[in-house]
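> Just to be clear, the model below is a prediction. Sequence and coordinates:
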Amino acid sequence: MPTYFCHPYSSWEKGTVENTNGRIRRYIPKGTSIDDLSDEAIAAVEYHLNNTPRKCLKFQTPAEVMQKVLQTIALDRKAYESIRRTEPVQTMQFTTYCEIPG
């Protein structure tokens, strides 16, 4: 799997991260310690972030996109399981030929 790294102090190389940081800053000001926030406050920020439509997702919310992905995975798994249970696996027999010195 290819892996990409951003250069330090190069915010233009990591648009999604910087965009998400800006969205979080709407709810949690810079300099605020997350340790001072309740679990409910963090859950509220997560809810707002996951349920805000995004242009990059064709104006769907991240939660909607994730739900579709999970449904696709579940359907693929069900299809795989049904095929695995109903269709026997065919095995192939191979014959190896070798020369006998002689």
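Looks like it came in fine.

> Would it be right to say that Thr52 lies in a strand?
No - the assignment for Thr52, made by DSSP: H, G, I helix; E, B strand; the rest coil, is coil rather than a strand.

> Can you report phi and psi for it?
The phi and psi values for Thr52, taken as degrees, to the nearest 10, are phi -100, psi 120.

> Now do the closest residue to it other than its chain neighbours, the pLDDT please.
Of all residues not flanking Thr52 in the chain, Thr61 sits nearest, at 6.3 Å (C-beta to C-beta, 6 or more residues apart in numbering). C-betas here are computed from N, CA, C, even on glycine. Listed pLDDT for Thr61 reads 94.

> need the helices for the protein, in chain order.
15-27, 39-50, 62-86 (DSSP state H).

> How about residues contacting the first one?
Applying C-beta atoms under 8 Å, 6 or more residues apart in numbering, the external contacts of helix 15-27 come out as 11, 44-45, 48-49, 52, 56.

> can you check stretch 55-68 too?
16, 49-54.

> Could you work out the most separated pair of those residues?
Thr16 and Asn51 (17.4 Å; C-beta to C-beta).

> and the end-to-end length of stretch 34-54?
25 Å (C-alpha to C-alpha, to the nearest Å).

> Which pLDDT value belongs to the residue most central in space within the chain?
The centre of the chain sits closest to Met66, judged by C-alpha atoms, centre = their mean, with a distance of 7.8 Å. Note for Met66: predicted pLDDT of 92.

> Tell me how many other residues surround Phe5.
By other C-beta atoms under 10 Å, 7 other residues sit near Phe5.

> do the same with Ser10
By the measure other C-beta under 10 Å, the count of residues near Ser10 is 8.

> Now the residue nearest to Pro53 when sequence neighbours are not counted, what are its backbone angles?
Distances taken as C-beta to C-beta, 6+ apart put Phe59 closest to Pro53, at 4.6 Å, once the chain neighbours are dropped. With angles defined as degrees, to the nearest 10, Phe59 sits at phi 60, psi 30.
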